[in-house]
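Predicted model, plus sequence, below.
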Amino acid sequence: MKATATAHPNIALVKYWGKRNEKLILPHQSSLSVTLGPLQVTTTVEFTKLTTGPDVIEINGKSAEGTERTRVVELLSLVRKQAGAKAKLGGAIMISRGDFPASAGLASSAAAFAALAVAARAAAGFERDPRAESILARRGSGSASRSIEGGFVRWNRGKRADGNDSFGEQLFEAEHWPELRMLVGMVSREEKEVKSRDGMRSTVETSPYYPAWAKDAEREVKEIVKFIKRRDLQAVGEIAERNAWRMHATALAANPPLCYLKPATLAVIEACRYARQQGIGVWFTLDAGPNPVLLTSRADEHKVAELIRSHGADDVVHCVPGGDARVLSQPGKRIGGRA
Ligand code: 2P0
């Protein structure tokens, strides 16, 4: 009835932006990401045998409140429902801690809901099942569906109304491309004014470019897979940049417009372009926030970090392709998590 699990965040190279079903968190298009090691969230879930009693939710040393709490409780309740009445799962104690700042703009919710889904299912007595875990993690946060498995993961749009064909699927393991580097340039630590969830809803409802975005992204996922297979950094980088621009262009066309870029974001993006002219292999991507993530290789990693710092970033977070979400401990059970 108790288990601890860990999961990494991920950065999308072809992004998810917009839901066709808000409740089940079903996307309008497929997306593709690389899992970010060594950053991770570690979560312990313990179900009590009591039939009543509120869940106790602690995130990064603080008791969770409001929407943050509700989203965790809803996921725990889904697990209680799936386990059935016979399992007698009562109120849960959930303790979660991330080793990277939420303000980094690195979808901390992806790692958080992936670790929670794996820990909660294990605590409830379910065997490891990446597909079921991804579908459950998706109900907490869409991008979490891509943090169950490591390496390069495609979140399939799916067609079913119940969402059972909309989950993250590993296409290549982290070991496929160990030289790849993702560097996060910290140009701002301010909380963003419009959260991703609200931003994507507004974009779907008001941006006239939205249908073109969704159609284009589906094609881009197919395209980028070919280049990841060949470890072609330039081709992957060009698609990632183009896709990030298109996501932001679609959001900028919403009413009211959504602009997640800051002047320093553009300074780093410009510096990337200049660095390429000097022979450094570096491309950017940008989530719904101001901190760009630069894609480069181990050979150019330190030059790129210097470049980001000299263009307004006060810190650089270095990432490599990360592995699967894992069960770290499960009292009374042999650990079946994959390394
Ligand atoms: C992504 N983002 O593909 C995109 C790119 C941000 C920009 O997924 O509403 O926290 O919980 O499903 O997953 C961030 O949105 O949103 C995100 P919900 P989520 O990574």
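Alright, I've got the coordinates.

what's the neighbour count on the residue in the chain that the ligand sits nearest to?
Closest approach between the chain and the ligand, counting by C-beta to the nearest ligand atom: G142, at 2.9 Å. Bear in mind the C-beta positions are built from the backbone N, C-alpha and C, glycine included. Using other C-beta atoms under 10 Å, G142 is surrounded by 27 other residues.

Near A288, how many other residues are there?
A288: 22 neighbours (other C-beta under 10 Å).

Equivalent analysis for the one 5 residues further on, please.
By other C-beta under 10 Å, the residues close to V293 number 26.

change the start of the numbering to 395 and stick with it
I'll keep to 395 as the first residue from here, and by that count the last item is V687.

returning to that earlier point: look at the nearest residue to the residue of the chain closest to the ligand once chain neighbours are set aside and report its pLDDT.
In space, and not counting its chain neighbours, G536 is closest to I419: 4.9 Å by C-beta to C-beta, 6 or more residues apart in numbering. Note on I419: pLDDT of 98.

Quick check: the gap between I419 and S528.
As for I419, its distance to S528 is 12 Å (criterion: C-beta to C-beta, to the nearest Å).

Neighbour count for those two, which is higher?
Comparing I419 with S528 by other C-beta under 10 Å, the one with more neighbours is S528, at 27 against 23.

Check the contact between A669 and W677; I expect there is one.
No: under the criterion of C-beta atoms under 8 Å, A669 is not in contact with W677, lying 9.9 Å apart.

Among these two, which residue is more densely surrounded?
Set side by side, A669 and W677 show more neighbours around W677, with 25 against 21, by other C-beta under 10 Å.

Spit out the contact partners of that one.
W677 makes contact with 627-628, 630-632, 634-635, 666, 670, 688-690 under the criterion C-beta atoms under 8 Å, 6 or more residues apart in numbering.

Kindly recompute the last result at 10 Å.
Contact partners of W677, counting by C-beta atoms under 10 Å, 6 or more residues apart in numbering, are 407, 627-636, 638, 663, 666-667, 669-670, 687-690.
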